[in-house]
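> sequence and computational prediction follow.
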Amino acid sequence: MSKTVVVALGGNAILQSKQEGTYENQLNNVKTSCKFLAKLVTEGYKLVITHGNGPQVGNILRQNEEAEEVVPPMPMDVLNGESQGFIGYMMVQSLLNELKRLGHETSVVNLLTRVQVSKDDEDFKDPSKPIGAFYSEEEAKALADERNWNMKEDANRGWRRVVPSPKPIKILEAQAIKDLTEAGHIVVCCGGGGIPVIRKEDGTYEGIEAVIDKDRSGYKLAEEVNADIFMILTDVDNVFINFGKPDQKSLEKLTVKELESYMNAGHFSKGSMGPKVESALNFAKRASSTSIICSLEKVDKALRGESGTIISENMTGGKQHTGGIRLHA
Ligand SMILES: Nc1ncnc2c1ncn2[C@@H]1O[C@H](COP(=O)(O)OP(=O)(O)O)[C@@H](O)[C@H]1O
Ligand SMILES: NC(=O)OP(=O)(O)O
């Protein structure tokens, strides 16, 4: 039986910090991403895709705020839904077009997904999710004063607005995702980590203003669909220790215990690599489960064990990628 891979694609793969964020920019980036993802389908993997929305939801929020005198602004849960629609549409169409070009006919669907969170999550008090554009420290301080934005430094790349990012508790559309995956559809879901909702005492749900981390929801998704491999695709080839310092070192193949010790030593920052490592570790702790953090461009090499940071309970360790792990479809 073919292996199921859950892929979590970074919001930065859809809009890079130096780009303007035009429709053309984002569509071209999605098309490029889909060229890489299509390879997994043609190699025989069952694919479930989730994606980030940090740059996009930040821009939509800004649009809403800038136009508030002429069009009533919508709350952030609705904006997350908007971003799932727009990115999901681009992904479905681009992936289908690429697969058609490769002579591979299949179905790709985008599922609007709600994810339950707790209104008491600690992140509502100390927000950690960077969204929107990057600013200099000076600009960030001015924006914090003028607009009352919460601004934080984002992994030595500049300053960004931050919003609460509660931990995902439950994917409410999980059964539909499983049914679609088992029926052979490629499913794009939990976009932007999912639309954050809280459960009320009477069992009904309502939206809450936040942006969930898509790597954390990606882990929940990988668990729900009983995936074999959970891949976090980002813009660096590997996870590093001492990141950004002269003695930075890339991590290649390692066990849960080894990566956990680096995490506990504080090597991975809260709004970027931290949630990726945490989610990859959670998944790799399961029996016969492998997590990979790698760059989008090297997704197929990583599945051959030749690139990326690969985490598994029964990894033998070692510095070099030798291709010795069995991740074939
Ligand atoms: N220890 C680390 N190893 C590798 N990258 C790191 C580390 N700490 C922070 N980063 C930063 O994390 C970024 C990826 O996180 P993020 O921007 O949230 O990704 P994405 O949008 O792709 O999900 C990298 O571009 C890198 O700058
Ligand atoms: N929602 C989310 O995690 O987005 P990014 O991957 O763009 O940060």
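Great, that's in hand. Ligands and ions are numbered 1, 2, ... in the order given.
> tell me which parts of the protein are close to ligand 2?
10, 11, 52, 53, 54, 192, 193, 211, 213, 214 (Cβ under 6 Å from any ligand atom). (Each C-beta comes from the backbone N, C-alpha and C, glycine too.)
> now do the helices in the stretch 51-200 of the chain.
Applying DSSP state H, counting those that start in this stretch to the stretch 51-200 of the chain gives helices spanning 54-66, 76-101, 137-147, 174-182.
> quick one: mean pLDDT for the second one?
Spelled out, that is helix 76-101. The pLDDT scores in helix 76-101 average 98.
> contacting residues around residue 194?
The contact partners of residue 194, taken as Cβ atoms under 8 Å, 6 or more residues apart in numbering, are 80, 113, 114, 115, 168, 171, 212, 217.
> now those as TSV including distance to residue 48 and neighbour count?
Listed next are those as TSV, based on distance: Cβ to Cβ, whole Å; neighbours: other Cβ atoms under 10 Å:
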residue	distance to residue 48	neighbour count
80	19	31
113	11	27
114	17	20
115	15	27
168	15	25
171	11	24
212	17	28
217	12	27
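> need the max-distance pair from these.
Greatest spacing in the contacts of residue 194, by Cβ to Cβ: 80 and 171 (13.9 Å).
> can you pull the contacts of residue 199?
Applying Cβ under 8 Å, 6+ apart, the residues near residue 199 are 116, 205.
> returning to what we had before: what is the nearest of the contacts of residue 194 to ligand 2?
Using Cβ to the nearest ligand atom, residue 212 comes nearest to ligand 2 of the contacts of residue 194, at 6.1 Å.
> surely the closest one and residue 168 touch.
Yes: contact criterion Cβ atoms under 8 Å: residue 212 and residue 168 qualify, at 5.4 Å.
> between the two, what contacts are shared?
Shared contacts of residue 212 and residue 168, counting by Cβ under 8 Å, 6+ apart, come down to 115, 117, 193, 194.
> residue 286: what secondary structure?
Put simply, residue 286 is coil when judged by DSSP: H, G, I helix; E, B strand; the rest coil.
> how about it, what does it touch?
Shown in contact with residue 286 (Cβ under 8 Å, 6+ apart): residue 223.
> need the pLDDT of it.
95.
> try the one 10 residues further on
Here the pLDDT value assigned to residue 296 is 90.
> excluding chain neighbours, what is closest to it?
Closest residue to residue 296 in three dimensions, ignoring its sequence neighbours and counting by Cβ to Cβ, 6 or more residues apart in numbering: residue 233, at 4.4 Å.
> wait, a strand at that neighbour?
Yes: Residue 233: assigned to a strand according to three-state DSSP.
> count of neighbours near it?
Residue 233 has 25 neighbouring residues, counting by other Cβ atoms under 10 Å.
> re earlier: farthest-apart pair in the residues of the chain next to ligand 2, please.
10 and 211 (13.7 Å).
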